[in-house]
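>>> Sequence plus predicted model, see below.
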Amino acid sequence: MGLSLRQRLLPLWFAGPALLWLVVFFAAPLVNQLSVSLMSGNSEVGYDLTWSFSVYSDALSSYGAEFARSVVFAGAATLIDLIIAFPLAYFIAYKAGRFQAFWLLMVVMPFFVSQVMRTAAWKLLINDNGFLVGTLRDIGLVSADGRLDATSGAVILGISYNFLPFMVLPLFATLQRIDRRLIEAATDLGCSRFTAFRKVTVPLAIPGIFAGSLLVFIPAAGDFINARILGSPNTTMIGNVIQNKFITVLDYPTAAALSFILMTAILILIAVFGRLIGTKTLTEAAV
Amino acid sequence: MAEDRARIERELDRFLAEDRSSRRRFLGRGAGAAFLASGLASVLTACGIDGTAAISPAQLAKEAASVHHPKTKIGDWVFANWPLYMDKSVIKEFDRRYGGTCKYVEEINDNSDFFGKVRQQLAAGQPIGRDIVVLTDYMAAKWIRAGYATPIDKRNVPNAKNIVSNLKTIAYDPKRDFTLPYQSGAVGLGYNRKETGRDLKSLKEFFNPEWRGRVTMLNEAYDSAGAVMLMEGKNPSTAKLDDMLAAIEKLREQRDKGQFRKFTGNDYTTDLAKGNVAVALVYSGDMVQLQSDNPDVKFVYAEEGSMLFTDNLMMPERVARPYAAETMLNYLYEPEVAAKLCAYVNYLSPVDGIRPILERTDPEIASNELIFPPDEVRAKLHAYPPLTVAEEQAMYAAMTEVTGN
């Protein structure tokens, strides 16, 4: 009503830097990538925009296996991380006492070393003649002439390891925020401690589970380093294909199309997952 | 435990530092992302992505015939090379003898990545700030065809006459107008004797089911597909695209059977030394070092023959100090200097007459068959086939489908 034009524009001014950031580093590259995906040509004559949508169906039919593998690997890693991170975050939030900061630091610590180094170290740990594989062979988890290196298992292991902190931190934040009196109330009202955990703690932790799962699944689905270092030619993920198309083959349209398909697939999977675990909005997870 | 840790650290160091290309590859990934981002940003301004059109051989020859680089002071100039590929005392001695200051940078970790880094400037006809670059055959060919190389004024490089006879001419640069070989390497059969239990000599071992899952071959399509062609008794140096694609298809069949542990850059060394891998397609230069650390690791020039790659000294277009670069080329082709370099890098030297010098100064190197292959081996070393840009792109497209790397 009584607001001057200047006053009404004020919020826009505040949002300006963020908007500019989004336009320059997100919207523009996205639009550009879309246009690149619709170009055709080769590295000698160059690429021109020809609106050839067939690249999308070709990419999907040629690389369906790699897409499926990426989703399965990333999904498995997310699940493994959740299983490891929940007790860990629970411990840090409720049982660590004054050592809380120390344990959080321990979780983040591996990030001080480059991801390539950490992954390469795994390659040494799981080498065929090493202690780990020897032990697994002795207890029968790996067959006598079997291996861990260059298998799907190794890639999933690498992804789980590399992205674990992304699951622990949001889970910790959510668990710590839970009002402990609710659990007390549940036990007062006759719940066993396990039932209270199942019916009170877990549901209240869902935003954290959702946020952690996103933070692990999204980068994991596009990851290529783990498959590159710990995998074999038979465990190629879609990230490797995209990377190859851009750098080695210089097939920019296919690479751009694959990136777009990956992005869309991830968005759909997230939406379905969110529905399944009952998170209504992403912002709920972000608090 | 402490010992274990020390060993892991050593292995890690080796994994990341010693072998040239494992680092090449890894660094490449980061650079790749940056390249991708810059590539996208650049096309935002234009509707399309520029290609790199080829210049005709006749025009290139004309350009080479008219080149003239007058003598100048050496001044400050830049030599871009691969890591661990130069005895630094050679550079110091050069500065001392000819004056000026050579800024020697080990910045080329991967042919494609380096090209990605300077491509924009080259395409725009701008100087790239390096006077000598070292590029492998196929990339050197790409630069020459695109007009990104400056011809060498041979009057400034009289020592070029010392080039070994089998490298005097090459398909993409028949008169060596634009390139001089820096070092060559053979692609041969590496194996871990402890794991194989017997000596190997044939490339057919790569497809032998006995080693299933314990074989590595190279990412480089020319090397791996070339090895397949040699295995089948074909000549890879005269291969057409279809021959290469057929060889790559054979690799795919084997991959589907789980034959390969990995396709690698130079990062096969750890797996081979540790015994994860029994048989590997390897570069001769890497093996000299690896063998001295681990006597179980063997290298043979396969009986069917070996692919030969050469890294080349060349000057980029609009080079700032061509005379300094040519003086260095001339210097590196002095047999004494080449001998010193060879003793350091352990690859095949393209300079004639260094063996007698090494017999005197470093007899162990002089008698090493990896560095001085016997004549019957030399006769079976095959250079990469000449493919056009489009053919090469098709070959790499097929190869990456198989390697997944």
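Arrived safely, thanks for sending. Numbers count the residues shown, from 1 in each chain, chains lettered A, B, ... in the order given.
>>> Counting neighbours, what do you get for residue A:112?
For residue A:112, the neighbour count with other C-beta atoms under 10 Å in any protein chain shown is 6. Where C-beta positions appear, they are placed from N, C-alpha and C, glycine not excepted.
>>> Could I get the pLDDT score of it?
At residue A:112, the model reports a pLDDT of 89.
>>> ditto for residue A:284
At residue A:284, pLDDT is 54.
>>> and if you look at the one 3 residues further on?
In this model, residue A:287 is scored at 44, pLDDT.
>>> for residue B:9, same thing?
Looking at residue B:9, the pLDDT reads 56.
>>> residues in the stretch 151-287 of chain A within reach of chain B, list them.
With C-beta under 8 Å from any C-beta of the partner chain as the criterion, the stretch 151-287 of chain A meets chain B at residues A:224-225, A:227-228, A:231-236, A:240-241, A:243-252.
>>> so where does residue A:169 fall, helix or strand?
Using DSSP states H and E, residue A:169 maps to helix A:152-177.
>>> One more: residue A:206?
Under the criterion of DSSP H and E, residue A:206 resides in helix A:202-221.
>>> Could you identify the helix or strand that succeeds that helix?
helix A:225-230.
>>> List the contacts of that next one.
A:73, A:115-116, A:119-120, A:122-123, A:126, A:149-150, A:154-155, A:157-159, A:162, A:235-237, A:239-240, B:29, B:404-405 (C-beta atoms under 8 Å, 6 or more residues apart in numbering or on different chains).
>>> any idea of the mean pLDDT for that helix?
Averaging pLDDT along helix A:225-230 gives 92.
>>> Off-centre distance for the helix holding residue A:206?
9 Å (C-alpha atoms, centre = their mean, to the nearest Å).
>>> What residues sit buried inside it?
A:204-218, A:220-221 (16 or more other C-beta atoms under 10 Å in any protein chain shown).
>>> OK, contacts around the residue in the stretch 1-150 of chain B that chain A sits nearest to?
Nearest to chain A, among the residues of the stretch 1-150 of chain B, is residue B:51, at 3.2 Å (C-beta to the nearest C-beta). Going by C-beta under 8 Å, 6+ apart, residue B:51 touches A:41-47.
>>> Can you name the two of those that sit furthest apart?
Greatest spatial distance in these: A:44 and A:47, 10.5 Å, computed using C-beta to C-beta.
>>> Which one's more surrounded, the two?
Between residue A:44 and residue A:47, counted using other C-beta under 10 Å, residue A:47 has the larger neighbour count: 21 against 18.
>>> hang on, isn't that one packed against residue A:251?
No. The pair residue A:47 and residue A:251 fails to qualify as a contact (C-beta atoms under 8 Å) at a distance of 9.3 Å.
>>> Name the helix or strand for residue B:391, please.
Residue B:391 is part of helix B:389-403, with elements assigned from DSSP H and E.
>>> now for that helix, which elements pack on it?
Under the contact criterion of 3 or more C-beta pairs under 8 Å, 6 or more residues apart in numbering or on different chains; DSSP states H and E, helix B:389-403 touches strand A:39-42, helix A:238-247, helix B:137-146, helix B:221-231, helix B:241-256.
>>> Generate TSV for the ones you listed, with mean pLDDT, distance to residue B:350 and mean neighbour count as supplementary columns.
Shown next, in TSV, are the helices and strands packed on helix B:389-403 (pLDDT from 0 to 100; distance: least, C-beta to C-beta, whole Å; neighbours: other C-beta atoms under 10 Å in any protein chain shown):
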stretch	mean pLDDT	distance to residue B:350	mean neighbour count
strand A:39-42	84	33	17
helix A:238-247	90	29	24
helix B:137-146	90	12	23
helix B:221-231	95	19	25
helix B:241-256	97	25	18
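>>> Which residue comes closest to the closest residue to chain A within the stretch 301-405 of chain B once chain neighbours are left out?
Distances between the stretch 301-405 of chain B and chain A by C-beta to the nearest C-beta are smallest at residue B:404, namely 3.0 Å. Computed as C-beta to C-beta, 6 or more residues apart in numbering or on different chains, the closest residue to residue B:404 that is not its neighbour in sequence is residue A:236, at 3.0 Å.
>>> show me the contacts for the one you found.
Contacts for residue A:236 (C-beta under 8 Å, 6+ apart) come out as A:66, A:69, A:227, B:404-405.
>>> any weak-confidence spans in the chain?
Using chain A. Scanning chain A for pLDDT under 70 picks out A:1-2, A:279-287.
>>> should've been chain B
For chain B, the stretches flagged by pLDDT under 70 are B:1-47, B:52, B:405.
>>> hmm, try it at 80
Scanning chain B for pLDDT under 80 picks out the ranges B:1-54, B:109-110, B:112-113, B:116, B:266, B:289, B:389, B:405.
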